[in-house]
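Visitor: this one's structure only:
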């Protein structure tokens, strides 16, 4: 009888441990890297809608020394104006993006640096030529297999 109970206990332990899912960190990091590449494509394709897809209801930005909690409509309007008034000649990574995912796969982040060159029509109809380097960190939460943007911290290095 003890042997049968021991065997049942062993089978139970083995079945429980085999049901534990392992997190494929490499796959999740590739997903986040793809999101970064889609961000670049959205700029080049003037896709303002991309910037409000899959963002948290409590989305937060740290920009110009301020905490900002923009609403989706505000983000969309800002990107629509920005993208429609801007022609990008270059929008590319300066360095290899740093992409990390927590061991349990629940959160992740990207740290990127891009060079952006182009022209932007100003309110007075003049044209501003720019060549800037931007860097930012984006935080994500993985909810039911989908990455949701929680927030970003950004800065810009303006060329002389």
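Guide: Perfect, thanks for sending it. In this text, all values refer to a predicted model and were calculated from it rather than measured experimentally.

Visitor: I'd like the next helix or strand past the helix or strand of the chain with the lowest mean pLDDT.
Guide: When each helix and strand of the chain is scored by mean pLDDT, DSSP states H and E, helix 2-18 comes last, with a mean of 53. Downstream of helix 2-18, the next assigned helix or strand under DSSP states H and E is helix 25-44.

Visitor: for that next one, buried residues please.
Guide: Of all the residues in helix 25-44, those buried under the rule 16 or more other C-beta atoms under 10 Å are 28, 29, 31, 32, 33, 35, 36, 39, 40, 42, 43. For glycine as for every other residue, the C-beta is placed from the backbone atoms N, C-alpha and C.

Visitor: take the residues you listed and lay them out in JSON lines including distance to residue 156.
Guide: As requested, the buried residues of helix 25-44 are exported to JSON lines (distance: C-beta to C-beta, whole Å):
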{"residue": "28", "distance to residue 156": "29"}
{"residue": "29", "distance to residue 156": "26"}
{"residue": "31", "distance to residue 156": "27"}
{"residue": "32", "distance to residue 156": "22"}
{"residue": "33", "distance to residue 156": "22"}
{"residue": "35", "distance to residue 156": "21"}
{"residue": "36", "distance to residue 156": "17"}
{"residue": "39", "distance to residue 156": "15"}
{"residue": "40", "distance to residue 156": "16"}
{"residue": "42", "distance to residue 156": "18"}
{"residue": "43", "distance to residue 156": "14"}
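
Visitor: out of these, who's nearest residue 128?
Guide: Distances from residue 128 to the buried residues of helix 25-44, taken as C-beta to C-beta, are shortest for residue 43 (16.5 Å).
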